[in-house]
Every structure is written in structure tokens, then in C-alpha cells.
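1. sequence first, then the predicted structure:
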There are 2 protein chains.
Amino acid sequence: MIEKEKQHTIYDISKKAGVSIATVSRVLNDSPKVSQKTRERVLAVIKESGYEPNAYARGLGSGSMRTIGILCADVADIYLANAVSFLEKNLRQNGFNTILNCTGDDYKTKVRCMKAMEGRRVDAVILAGSQYIESTLPKNQYIIDVSRHIPVMLLNGYIKSDNIYCNLSDDYSAFYDAAMELYQKGCRKILFLYREISYSRNLKYKGYCEALKDCQIELDESLVLRCNGKMEQIKSQLITYYKEGHEFDGVLACDDELAIGAMKFAREIGIHIPEELAVIGCNNSVLSICSSPELSSIDNKCELLCINTVSSLMRLLEGQEAVQKTVLSTDYIPRGTTKR
Amino acid sequence: MIEKEKQHTIYDISKKAGVSIATVSRVLNDSPKVSQKTRERVLAVIKESGYEPNAYARGLGSGSMRTIGILCADVADIYLANAVSFLEKNLRQNGFNTILNCTGDDYKTKVRCMKAMEGRRVDAVILAGSQYIESTLPKNQYIIDVSRHIPVMLLNGYIKSDNIYCNLSDDYSAFYDAAMELYQKGCRKILFLYREISYSRNLKYKGYCEALKDCQIELDESLVLRCNGKMEQIKSQLITYYKEGHEFDGVLACDDELAIGAMKFAREIGIHIPEELAVIGCNNSVLSICSSPELSSIDNKCELLCINTVSSLMRLLEGQEAVQKTVLSTDYIPRGTTKR
DNA sequence: TCTCAATTTGTAAACGCTTACACTTTTGTT
DNA sequence: AACAAAAGTGTAAGCGTTTACAAATTGAGA
């Protein structure tokens, strides 16, 4: 291992510039109480020596390191990757850094990571994705605990509690409308595909149920199917399911990958899309335009959600109020898989 | 804004447990010089009060916050999202946190983010993606500067310099082989699609050129095409290009999205894949199995690359040696777009 | 019981900043 | 020219840890 060069400190700079460390600090923090002349001299020294103030020390001294923690199940997930990308860019534009934890689905890991964020004294935590909301309130205590110290922002999750701020897309209406769309295209047996139980999955499911009710179709629970894994596994799961004798003429999927898994299943079995089977996905990800026919999908305005979240957060951190719950409407994007 | 609860400090714990802060610190750091009895008492107090040590202060005191900085152009990119996901999980398993910056392609932003990482006194920086290597060495000075203080790990990039460690996939061979494959399937006019000039793009291009040479095909520079933007833009760019009179019977693309853009172009124009046009993508992302026919692609072993990177890094941080350059071979995954 | 070493615990000085407060210099008024 | 106010600068006390080093305790052997 190579010998590390010692990094400069504020003392080095103050000595070189012939001022006190307080003055250097003021320059670093754009304080108005420094004369133009001094400021320039100090800035010159800083630039020349490549000095970069130690963020730990700044954090300790000022009580804020201008850092936000983001938790998500997995950035490898296309939707979450988009969200994290938007969030990080927005935060950085506002002068905040991002600490990322991909917690997976394991409850204990989520709790541990959330707790660790407290230790890093982040200025706020953003929970990206509805997996963070557990089904029973007591299990959400870990979120509420943290919110006693710092604001917690939920992306696609909802907990009614002080200092927790929620930005959601209107999954209920989105899925109500999507199910209606399938009905209008003639579907009468609509398969509902999901991965895991989560806050937004439940909203989607309710929308689906309500639409069926309004169409006077009785809910058939055997048409509510949980799938796991990657594309290939989804496909083979559906093949098995189909061969068990289940019939359906429409698919409403909680994400695009599930929907495309269904398309691959159909192709393998020889079911024609969209004529014999109409499919709607969700998230309007790049996947939806890779398939042929292209996949009709629900655009849940990920970017807008993220922008809202960050701007609420910035308002909060400046001591202002913010709305506790914002629900954004979605867009239905019709494409080939529902063209009849 | 809600009144923040004050967080506990090591003093609170020491008082409650009736020991000195040094002892609490020792317990926190698993020091062996604490009696079993004391340790248990302190741990009990810590658990009960939900105390989480302040990471800034630990960082200041110990000189390391056990944090790694990751820079990538954009986590919304499927390949980078995968990489970041693997890296973060591996790092966390080793007790390190991750600070993420999505720098985009802008040189100044890259430099600024890299510099800021120094300020955060991260223990190392990982540059994920070959966009970080500029074409001329002096422009890479910003990387070398940082490497004087902390190790820099390059994912798919190469700079020969002390304290910079490179893990690359063998893009040269991958593209040589892929071009050969296309030749063997009968292609004689192979379109090379790329996005921006980067270290790995250049390797890929060299592989492509070398293969052509070995097949005694003269390099036609008009068949080397730079594309920008998302799927739709790629498609329309290719339509324009085609209508300008360019002809080709094979496509070798630097990523899967480009390849699928080419497939969409072909469908629009009425060119049949794979009979009239064979296509090979790169990264073996989920996109490659969404299209139909499915896309032949190059699997560049992203996970292995990440695992290697993290384990080298851990070795380095423990003061051991690490290999400066590791090149991983890739796999070619034949699918429908090259089936003849 | 006494001594010495080994083990355990405590004290206090870093670590590199921020910031309240005190002090000095400059500026503007009369 | 004298003075007050304003502007600029410095001093020193935190911030919450880690970690030498010193001090206290324990235990074993004589």
C-alpha cells in the first residue's frame, strides 16, 4: 500500500493565508463578514493547495453534514434505479449528499439500516418504495422512531404520523382505470399479477377489485397470483399455472417485468397478444417499449414524485411546513398489448 | 416542523452505565480490554436507550468513517444500477457505507464530485463505468490527485498509476469474437453502434476493427455510428441513417438499448431479423430477453467484476497488496437475433 | 499478607471544523 | 478631529468520538 499524503486542514490554509481559522471557516461558509480582499486571498490559497474541508468535522461542528440517507430494496430494480437517480441529482443540486443503502426485503436488515442512518446523523431519510411499510403498525415503529429525530420521506408509502411525509402515486385509481380499460376491451377474466405484499400492491389490488365490482364481475381469487423471481421464472410459473387449468383473457401486472413475463408465457403457449390476451403493465419502464407488441403501461410519474419529495424536504429543513401526504395521479399509456 | 428530540451521546450512556466514556467507546469498538461484566452492562444501556454512536465524531476521532464513495454517470442506466447494487451490498457486508454520486457525463461535474469525495474523507472511491477515463492523460489528473490520498478503484477503466486499481471486462476480445460471430453468420457489412467515446468503447471498437481485418473486410467508417438518447431517438436516428442510403446486414452495439433500438428500426422499415439483419448487443441486461426475437448479447460478468473490486479494496484497506489490473473474460450469449 | 504483573478503568488530549463573543479596524457624521 | 456605528478579524469553547497514557483494581505466587 502506498504512503498516504496527509491532507490539508483549515490550519494549513489559515497559516498560508495569514489569517485565523475562523476567517477561513467564514470564507468556506460564504459568510458576509469577510472583506473582499481577505476572501480573495484565502480562496486563492485554498485553490492552490487543493484543500477540501473535512466533512466530518464540519458535521460535528455545525450539527449537519448536509447528507440524506436513501433506503431502497434494490437499485438494480429499474423503477427504484430511476427514483434514486432523480433523487440523488435533485439533492446534490441542493447541496446535499446521498448515502445509499439497498436493504433487500428482509425486515431486520431494513431496521438495521434505518438505525444506522441515525448514527450517520443524516439530515433526513428517504424510504424509496412501498416495501418499507409493514402490514401491521407496530412493525413500522422503526420508522416512527427515526422520525422523532429527523424527517422521514416516504416514496409510495403512507404512515400517518408527525414528521413523516408521504408522496404517492395514485395506484388505486391507476389500477381501477386499467382494469376498466381491460373490461372495455372485452376481458372478463383478468389475471392480477404481483410480487410481494406492500402498501402500493394493496392499493393496486383494491383498485382492481373495485373495478371488477363496478363491472359486476365476481372476484375470482384464483386469478390473483403472486410471482417471484426474474423473467424466466415468471414465465415458467405462468406456464405451470396455465396448465393447471386456469383461464384468463387479460393480465394486469404490478410491474412491467411481470407483464412481459406474461407475454413470454403467451408466446410460448401460442396465445396471441392482444387478440386473445390483453396485457397492461405498470411503471412505464424501458421494458415496455422493448417487447413486441409494445406493452401498455401505467406511467406513475416517478420523476415528479421525486422532485416533490426533494422540494418538500428542502422546505422542511429550512424550518417551513410541508404537506404530509401528496397523491399524484398517473397516466395510462396505451400501446400494442391492448390494441383491439 | 416538529421539535427534534436530542439524540443520545456517549456521555449519556457512560453516566447511565456508571462507567467512563472511554469504556463505552471500547465496548462500541469491541475492544478486548473490557471485562465481561462491564461490557454487558454497557450493552444493556445502549440497547435500552436506542443509542447510535455519531458517525462524524467516530470518523474525526479514528480517521475513518468506513465509507466508500461511488461515482457513476447515472444509476438509472441498467448496467450501472446493477453494478452499484452489487457494490453497495458487498461493501455493507464488509461494514462499509456507500455515498453515491451520479455525475452525468459532464467533465466538470465529475471533477467536482471526485473532489467532494475527498472532503468526505471516504476511505476509497470507486469509479463505476468507463466514462471516467478521459482520452488524454492530463485530463485524468483529477483521478490521480485523489489517489494520492486514498485508493481509487476503476470499474471498466484503466489508468496505470500507483494506488489506482482497475477491474475490467475484456471488451476487446468480446467484440472481436462478436464481430467474428456475425461474420460467420454471413454478415459482411456490420454496423458498429456506440454512444460516447469512452475507454471501453475504444476497446470494443478495436476488437471490431481487428475482427474485420482478420476477415479481410475493409473498415468502412461510415458504418461506425454514434447514437444518442433513448430508444425512440435511437430508432429514428437509424431510420434517417438508413434513408441516407447506408446499407448493413449486421449490427454490433455497445449496449443492449442501442441493439434494441436497431431492432425497432428494422421492424419499422420492414427488415427481417435475424434473416436480413443479425444483431448483437452488450451487457446481457434484462432488455435482451424482452424483445422478440430475443437479443444475442455479451455477458460482461458485472457481478464478478464488482465482487473482485470490493475484495481487492478490502485487502488494500487492511494494508495488503492488490493486483493493479484485472481483466475478466466475457461470455457470448447467443439468442434469436443471430439464429440463422 | 505483601508484591508484581496483568487486567481493567479513567483522564485528557487530539481530530478539524463552527460560532459566540471580544476585540480591532474602518467608515461616516458631526 | 472626535466619536459612534459598522465591518472585519481573532480567540477559544464546543461538537462526540478515539486512544495514548496514567491510575486503579484484581489475582497469583511467595
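-> Received the coordinates, thanks.
2. which residues are in contact with the closest residue to A:Ile217 other than its chain neighbours?
-> Using Cβ to Cβ, 6 or more residues apart in numbering or on different chains and skipping the chain neighbours, the partner closest in space to A:Ile217 is A:Arg188 (6.5 Å). C-betas here are computed from N, CA, C, even on glycine. A:Arg188 makes contacts with A:217, A:249-250, as judged by Cβ atoms under 8 Å, 6 or more residues apart in numbering or on different chains.
3. can you check the pLDDT for A:Arg188?
-> We note a pLDDT of 97 for A:Arg188 in this prediction.
4. tell me the predicted confidence for the residue of chain A positioned farthest from its centre.
-> Distance from the C-alpha centroid of chain A peaks at A:Gly18, with 48.4 Å (Cα atoms, centre = their mean). With respect to pLDDT, A:Gly18 scores 93.
5. which of the contacts of A:Arg188 tops the neighbour count?
-> Greatest neighbour count in the contacts of A:Arg188, by other Cβ atoms under 10 Å in any protein chain shown, goes to A:Gly250: 26 neighbours.
6. any idea how far the nearest residue to that one once chain neighbours are set aside lies from A:Pro274?
-> Of all residues not flanking A:Gly250 in the chain, A:Cys187 sits nearest, at 3.1 Å (Cβ to Cβ, 6+ apart). According to Cβ to Cβ, to the nearest Å, A:Cys187 and A:Pro274 sit 10 Å apart.
7. returning to what we had before: got the contact list for the residue farthest from the centre of chain A?
-> Contact partners of A:Gly18, counting by Cβ under 8 Å, 6+ apart, are A:Arg41.
8. what's the spacing between it and A:Arg41?
-> Taking Cβ to Cβ, one finds A:Gly18 at 8 Å from A:Arg41.
9. my read: A:Ile99 touches A:Ile68, true?
-> Yes: using Cβ atoms under 8 Å, A:Ile99 makes contact with A:Ile68 at a distance of 7.4 Å.
10. any common contacting residues for those two?
-> Joint contacts of A:Ile99 and A:Ile68 (Cβ under 8 Å, 6+ apart) are A:Val122.
11. tell me which of these two has more neighbours.
-> Taking other Cβ under 10 Å, A:Ile99 and A:Ile68 do not tie; A:Ile68 has more neighbours (28 against 23).
12. show me what the more buried one bridges to in the sheet.
-> Listed beta-bridge partners, A:Ile68: A:Thr98, A:Ala124 (assigned using DSSP bridges).
13. my read is that it contacts A:Arg120, right?
-> No: taking Cβ under 8 Å as the definition, A:Ile68 is not a contact partner of A:Arg120, at 10.2 Å.
14. can you tell me the element the closest residue to A:Arg335 other than its chain neighbours falls in?
-> Nearest non-adjacent residue to A:Arg335, counting by Cβ to Cβ, 6+ apart: A:Glu294, 4.0 Å away. Assigned by DSSP states H and E, A:Glu294 belongs to no helix or strand.
15. burial measure for A:Glu294, as a count.
-> Neighbour count for A:Glu294, taken as other Cβ under 10 Å: 17.
16. before we move on, what about the one 3 residues further on?
-> When counting by other Cβ under 10 Å, one arrives at 28 neighbours for A:Ser297.
17. Three-state assignment for it, please.
-> Recorded secondary structure, A:Ser297: strand (DSSP: H, G, I helix; E, B strand; the rest coil).
18. for it, list each beta-bridge partner.
-> With DSSP bridges applied, A:Ser297 shows beta-bridge pairing to A:Gly281, A:Ile333.
19. hang on, it packs against A:Cys290?
-> No: using Cβ under 8 Å, A:Ser297 is not in contact with A:Cys290; the gap is 11.6 Å.
20. which neighbours do A:Ile68 and A:Arg120 share?
-> Joint contacts of A:Ile68 and A:Arg120 (Cβ under 8 Å, 6+ apart) are A:Ile99.
21. pLDDT score for A:Ser62?
-> Looking at A:Ser62, the pLDDT reads 88.
22. next up, phi/psi of it, please.
-> As for A:Ser62, its main-chain torsions (degrees, to the nearest 10) stand at phi -100, psi -20.
23. check contacts around the nearest residue to A:Glu275 once chain neighbours are set aside.
-> Spatial nearest neighbour of A:Glu275, excluding adjacent residues (Cβ to Cβ, 6+ apart): A:Arg340 at 7.2 Å. Going by Cβ under 8 Å, 6+ apart, A:Arg340 touches A:185-186, A:274-275, A:278.
24. out of these, grab the one that's most surrounded.
-> In these, the most neighbours by other Cβ under 10 Å go to A:Ala278, 23 neighbours.
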